[in-house]
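Novice: Okay, structure incoming, though there's no sequence with it:
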DNA sequence: CGTAATCTGTGCGACAGCGAACATTGTGAA
DNA sequence: TTCACAATGTTCGCTGTCGCACAGATTACG
C-alpha cells in the first residue's frame, strides 16, 4: 500500500476515485459493496419515500432495492449515465465537483431527506459532478427506467421530486456564496450541522482529511478549525470520530447559510406530507 | 444624491436594491420601467421560445408580453412570490444571493438562452435569491399562472424547461467550485465570456464596480484583473464600456469552468430543437 | 464652459488560506 | 507486544484578496 498521507494533496481525489477508498480503515467497514436483500430495512426512513401517496407506495415497494452504501462508494461519475436513483436512509452522499487539477469541492449533500440522481428525471441523464458516499449506511435504489416512468406520470411524485430539486438548488447556491464569503470555521460548522441533520445520534465517522476534500480546503485548515471548535467545547474528536457536544454552539458559530438552507428544505418538504 | 463611491462596500448591494440603481448613468438608460407593447420585437431571439413546438407557439404568442428590462431592475426579490417568468432576448439577468452582511455573489446568469423564475414551475414559487438585470435590454414575460399551466401539461414544454433547469444547476455548481479554487483573473474571464455569449457584439456596458458585486469581490480587485487583461491586449475598456478584442485569448486565460458550463448547455439545449 | 459626480488607478498594512515539511499520537494487524 | 501506518498537530514562508484611503481621469449636466 502506498503512503496516501504523503502524496501531494491534489492527487488524493483521483486516488479516491480509482481505489474507492481502499485504505485499510475504509475497507474495514466495506466488505461486499452492494449487498442486496428484499427490504431488510425500513424504506420510510427516507423522507421522500415516506411522503409517497398510498398508490405509489404499493407500486414502488416491490421495485425498491435495498443497498448498503459503504464509505467512498461512487454512485455516479462525472458524465456517466446513471442506472439508478438512490434514496439514502442512513447513508449520506456528497455531490462533488472535481476539477481537472484534482481539486474538488462539495456542492451539496444528500441524506435521508432526499434522492441522488436527479439528472435522470431532469432530462440530462448525467451531470459533470460525482456522487460519493460520505458517511456509510444504507439506502434503497430504483432503476433509471422506473423513476423516469414514475416521474412522467406527472402526478404527486413528480411534484415532490421537483420540490426536492428546488431545495437542492438552494443548497448549491448557498454553498457557492458560502465558499466566497465565509471563513473556514463557519463553513466547518455548517458542514457538521448539515451532516448531523442527516444522521441519527451525534457522532460522525469522518477524518479531517476527508472533510477537507469535501470542503475543498487543506487538511491542515480543517485541523485548525476543528481545534478551535474542540477548545470551545463544541465537539470532541479523535481519529476519525467526531462527537458533537453542543449543537446550539455550532449553530451560533456558523454562518447564516445553514439556517437559510434548512428553512428552505422545511418550507418545500414539510414533514407531514404523506397521506 | 449621496456619494455611492465613498460608502462602505458592504452597503452597496442594499443601496442597489432600494434605489434600483438610480444613479444618474443608470436612469439614463431607464425611463419608464416596464414599457409594454404588443410584440414589437422578436420573441424567438430567446432560444427557449424558439424551441417551442408549433402548437405551443400559437398558444403562447398572444400571451407573451414584451418588456424592456433596464439595468438594475429587480425581477424578483429573495423570498418574494413571482408573478411572471421572463424570457430575455437582449437583456442579461443575474441571479444573485445577498447575505445578511450585504455582501453578494452571483450564482448564475440568464440571457437569451433561458428563462428567469424557475421556482414557479419547480414548485416553491420563490427562492432565497434575487434576479437583477445586469445588462439592459428587452425580453418577454408570461404570467405565473400560465407558465404553471403550460408546464403541467407535461408535454415538450415541461421537458424543455427541465432540461434548461438542469443546465442552470450545472452553472450554479460550477460557480461554487470556481469561487473556491480559481483566481480572480480567471473568474473575470469566465464572467466576460458568459456575458459575451448572451449578447450580440463585443461590447459590454458594465462598470467594474458592478462586476465586482456580481463576482462578490472588491472593486479594486476587478480593476487589477481588468488591467491585466487590457495589458495583454484581450480587452479595452473605459468608464463602463468593455470591448473584447480577443475572445480566444480570454478563453485561453479562463478556467475550465466556462467550457464545462457551455458544453453542458449545448448538450442539454441543442440549437435546432424546434420543429 | 465649469463644476460635480462617476469611474478608474494605486499604495499601503492585515490576514486567511496555501504548500510543504516534519513531529506526535493513537490503533489495528502481524 | 510490537510496529507500521493512519490521523492529527505544528511550523514557516508565500500569495491572493481584503479594507481603507486617496489621487487622477473622464464624463454629465446645469
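Specialist: Now that the structure is in, tell me what you want to look at. Small disclaimer: the values here were computed from a predicted structure and weren't measured.
Novice: if I read this right, residue A:109 contacts residue A:88, doesn't it?
Specialist: No: Residue A:109 is beyond contact range of residue A:88, at 10.1 Å (criterion: C-beta atoms under 8 Å). C-betas here are computed from N, CA, C, even on glycine.
Novice: any residues in contact with both of the two?
Specialist: residue A:198 (C-beta atoms under 8 Å, 6 or more residues apart in numbering or on different chains).
Novice: Between these two, point out the one with more neighbours.
Specialist: Each of residue A:109 and residue A:88 has its neighbours counted (other C-beta atoms under 10 Å in any protein chain shown); residue A:88 has more, 28 against 24.
Novice: out of everything not next to it in sequence, what's closest to the more buried one?
Specialist: Closest residue to residue A:88 apart from its sequence neighbours, by C-beta to C-beta, 6 or more residues apart in numbering or on different chains: residue A:139 at 4.0 Å.
Novice: is that neighbour in a bridge, and if so with what?
Specialist: Following DSSP bridges, residue A:139 is listed with bridge partners residue A:67, residue A:88.
Novice: That one: neighbouring residues, count only.
Specialist: By other C-beta under 10 Å, 30 other residues sit near residue A:139.
Novice: give me every residue that touches it.
Specialist: A:46, A:66, A:67, A:69, A:86, A:87, A:88, A:89, A:90, A:91.
Novice: does stretch A:173-187 come close to chain B?
Specialist: Yes: Stretch A:173-187 comes into contact with chain B (C-beta under 8 Å from any C-beta of the partner chain), by way of A:173, A:174, A:175, A:176, A:177, A:179, A:180, A:181.
Novice: Let's test this: mean pLDDT of that stretch, rounded?
Specialist: If you average the pLDDT over stretch A:173-187, you get 96.
Novice: mind checking pLDDT for the residue nearest to residue A:88?
Specialist: For residue A:139, pLDDT reads 96.
Novice: Give me the distance between residue A:127 and chain B.
Specialist: Here residue A:127 is placed at a distance of 6 Å from chain B (C-beta to the nearest C-beta, to the nearest Å).
Novice: these two touch, right, that residue and residue A:119?
Specialist: Yes: at 4.7 Å, residue A:127 counts as touching residue A:119 under the criterion of C-beta under 8 Å.
Novice: hey, what's in contact with both of those two?
Specialist: By C-beta under 8 Å, 6+ apart, residue A:127 and residue A:119 have these common neighbours: residue B:166.
Novice: residue contacts, residue A:264?
Specialist: Going by C-beta under 8 Å, 6+ apart, residue A:264 touches A:167, A:170, A:171, B:124, B:127, B:128.
Novice: How about residue A:185?
Specialist: Applying C-beta under 8 Å, 6+ apart to residue A:185 gives the contacts A:225, A:228, A:229, A:253.
Novice: isn't there a helix covering the first one?
Specialist: Translated: residue A:225. Yes: Residue A:225 forms part of a helix when assessed by DSSP: H, G, I helix; E, B strand; the rest coil.
Novice: Give me the pLDDT value at it.
Specialist: Confidence at residue A:225, expressed as pLDDT, is 95.
Novice: Please name the residues that touch residue A:116.
Specialist: The contact partners of residue A:116, by C-beta under 8 Å, 6+ apart, come to A:75, A:76, A:85, A:86, A:87, A:88, A:93, A:95, A:110, A:131.
Novice: swap the cut-off to 10 Å and go again
Specialist: The contact partners of residue A:116, by C-beta atoms under 10 Å, 6 or more residues apart in numbering or on different chains, come to A:69, A:75-76, A:82, A:84-88, A:91, A:93-95, A:108, A:110, A:131, A:133, A:139, A:141.
Novice: again, but for residue A:137
Specialist: Residues in contact with residue A:137 (C-beta under 10 Å, 6+ apart) are A:41, A:45, A:68-71, A:88-93, A:111-112, A:198-200.
Novice: swap the cut-off to 6 Å and go again
Specialist: For residue A:137, the contacting residues are A:69, A:90, A:91, by C-beta atoms under 6 Å, 6 or more residues apart in numbering or on different chains.
Novice: The closest residue to the first one other than its chain neighbours: how many residues sit nearby?
Specialist: The shortest distance from residue A:69 to any non-neighbouring residue, by C-beta to C-beta, 6+ apart, is to residue A:91 (3.9 Å). Residues within reach of residue A:91, counting by other C-beta under 10 Å, total 27.
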